[in-house]
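Chemist: predicted structure and sequence below. I'll ask about it afterward.
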Amino acid sequence: MGCSNWFPKKKKRRGDTWGISTELLLVSWGERHYLIPATQILKFINAINAGFEPRKTVSGFFFLKWGDEYKPVAGKPKLPPEYADYLLENPIQARITLQQETRVEGNAVRSTVVLDVGKAQGVRVGMQFYFQNSLRDYPPAVITVVNDSNSVAELVQLLGGMKQLSPRPGLPLSTLAGRAEFE
């Protein structure tokens, strides 16, 4: 396989938001080949857990070899071993049990909440949980602390856009984006 089209022509400059990481990982998944910046591997796994990957179109958040969007995936993607526990067999469903804090910082509202799932259910720091049963798409809550049976997540919402979500106890979340089935 020729790799000359995989690598960027120039390095990222300070302040250049369109630059690309200089450390890239080749991730194969079935017959597909992704090129993931090393700093974005957890975001790639979260996209898989959320159902955004494997995609069926050219458009996506991650580099995919031209034409591979039509190729099948089989099994799991070949990821660095330290991330093996992040890839889920089934979505994790959770509920908010406690809203710890909500504060405004600059142009964002930051809410800290406690979820009713933890290490025992497969939760890891950095995982993303999506709000369920909502007519609007809110940003995911990102896990910051994991305990045996619960975890702490942070939700960051920008001010000035859509109405803010009030993350109150009982609200359902899932690692799968969209509408998951809850008991």
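Modeler: That came through fine. Numbering: from 1, shown residues only.

Chemist: strands along this protein, start to end?
Modeler: Along the chain, counting by DSSP state E, strands occupy 24-29, 32-37, 63-64, 93-105, 108-115, 128-131, 141-146, 151-158, 172-174.

Chemist: adjacent strands (with direction) for the longest one?
Modeler: To tie it back to what came earlier, the one meant is strand 93-105. Partner strands for strand 93-105, per DSSP bridges, with pairing direction: strand 108-115 (antiparallel), strand 172-174 (antiparallel).

Chemist: where does pLDDT dip in this structure?
Modeler: Applying pLDDT under 70 to the chain flags the ranges 1-19, 135, 161-162, 179-183.

Chemist: P37 against F44, yeah?
Modeler: No. Judged on Cβ atoms under 8 Å, P37 makes no contact with F44 at a distance of 9.0 Å. Using the backbone N, CA and C atoms, a C-beta is placed for each residue, glycine as well.

Chemist: OK, contacts around K78?
Modeler: Going by Cβ atoms under 8 Å, 6 or more residues apart in numbering, K78 touches V27, S28, W29.

Chemist: rerun that using 6 Å as the cut-off
Modeler: Applying Cβ atoms under 6 Å, 6 or more residues apart in numbering, we find K78 in contact with S28.

Chemist: which residue ranges make up the domains of the chain?
Modeler: Following automatic domain parsing, the chain resolves into domains at 24-86, 93-174.

Chemist: so which of the strands paired with strand 93-105 gets nearest Y70?
Modeler: Proximity to Y70 (Cβ to Cβ) singles out strand 172-174 among those, at 28.6 Å.

Chemist: quick one: residues in contact with that closest one.
Modeler: Contacts to strand 172-174, defined as Cβ under 6 Å, 6+ apart, come from residues P91, Q93, A94, R95, F129, Y130, F131, Q132, N133, A180, F182.

Chemist: having no further points to raise, I will conclude here.
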